[in-house]
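Enquirer: Dropping the sequence and predicted coords here.
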Amino acid sequence: MTRPGVDLVRNPAGATDLVLLAHGGTENSQAVPQSWQPPTLRMWPFAWAARRAVPSAAVGLMRYRYRGWNGAAADPAVDLRAVLDHLPSVIRRVVLIGHSMG
């Protein structure tokens, strides 16, 4: 099993803001998401737009443990909470942009 995390696509020196992109998935799946799958690829235009709109902010793609929501387990919500709880203290503000399950 992979650990939830953030794959940074932009991390300028001194960034205190993070634009976090949360991709979609499927209703039930414990398969590991891959960066080349459509739900992740759909978020790249948002990453580019965020880079242009807020060049001083870090921009990252959410990395989930599983591809699915998985019912009451709500795995993506659990993963997102874990990531937010462990952000570096220099990050003061997070803008979350999600699609579908994200």
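Expert: In hand now; what should we look at? Residues are numbered from 1 along each chain as shown.
Enquirer: so which strand or helix has the nearest residue to V95 once chain neighbours are set aside?
Expert: Counting by CB to CB, 6 or more residues apart in numbering, V19 is the residue found nearest to V95 once chain neighbours are left out, at 4.9 Å. Backbone N, C-alpha and C define where each C-beta goes, glycine included. Using DSSP states H and E, the element containing V19 is strand 17-22.
Enquirer: Could I get the buried residue list for stretch 36-55?
Expert: Residues of stretch 36-55 classed as buried under the neighbour-count rule (16 or more other CB atoms under 10 Å) are P39, T40, M43, F46, A47, A50, R51, V54.
Enquirer: quick one: contacts of that stretch?
Expert: 9-10, 12, 17, 19, 21-25, 33-34, 57, 59, 61, 67, 95, 97, 99-102 (CB atoms under 8 Å, 6 or more residues apart in numbering).
Enquirer: at 7 Å what do you get?
Expert: Surrounding stretch 36-55, the residues in contact under the criterion CB atoms under 7 Å, 6 or more residues apart in numbering are 9-10, 17, 19, 21, 23-25, 33, 57, 59, 61, 97, 99.
Enquirer: List only buried entries from those residues.
Expert: Going by neighbour count (16+ other CB under 10 Å), those have 9-10, 17, 19, 21, 23-25, 33, 57, 59, 61, 97 buried.
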